[in-house]
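*Asks:* Sequence and predicted structure below; questions after.
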Amino acid sequence: MLIYRGSWCPYCNGQLRAFQRAAGSLAEVDARVVALSVDDEATTQANIDKLRLPFPVGHSADAHAIADATGAFVNENPVHLQSTGFVLDPTGSVIVSVYSSGAIGRLVPEDVVGLIRYAREHSA
């Protein structure tokens with residue numbers, strides 16, 4: 001799960017593109033990606049189209065409600081969520097969480113794939 005700042009953020013777009021490019025390796029480990037931001041529906045759809053994102057992307061998130069639920073950092077002016085990422089196991093439990101208080105510091109697909117492979121190999 002990727003919470004990103006918004007379509008205006010070059011670092012976020014880079015992260016979304018990286019997960020788009022890694023679709024094959026993510027599929028190999030049965031990983032599914034979802035993303036979310038405070039962008040409105042039209043802005044989100046334009047970004048999905050521009051980046052050719054193959055995974056669901058939520059929009060119009062209430063930054064403070066998401067922060068209360070997840071611990072994500074909120075920027076107040078303008079209001080948006082800072083980059084936050086979660087890798088969940090098949091039961092929905094959090095395996096790892098990554099929080100950023102600024103533009104950098106986020107999940108990358110190679111680490112997610114490696115973590116999933118490691119967890120599966122060592123779960124027995």
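*Replies:* Now that the structure is in, tell me what you want to look at.

*Asks:* how many neighbours does the closest residue to residue 101 other than its chain neighbours have?
*Replies:* Nearest non-adjacent residue to residue 101, counting by C-beta to C-beta, 6 or more residues apart in numbering: residue 73, 4.8 Å away. Yep, even glycine has a C-beta here, placed from its N, CA and C like the rest. When counting by other C-beta atoms under 10 Å, one arrives at 17 neighbours for residue 73.

*Asks:* so who does residue 73 touch?
*Replies:* Counting by C-beta atoms under 8 Å, 6 or more residues apart in numbering, residue 73 touches 67, 81, 82, 84, 99, 100, 101.

*Asks:* Can you tell me which of the residues you listed lies closest to residue 41?
*Replies:* Closest approach between these and residue 41, by C-beta to C-beta: residue 81, at 16.7 Å.

*Asks:* okay but the closest one is in contact with residue 69, surely?
*Replies:* No - using C-beta atoms under 8 Å, residue 81 makes no contact with residue 69, being 11.1 Å away.
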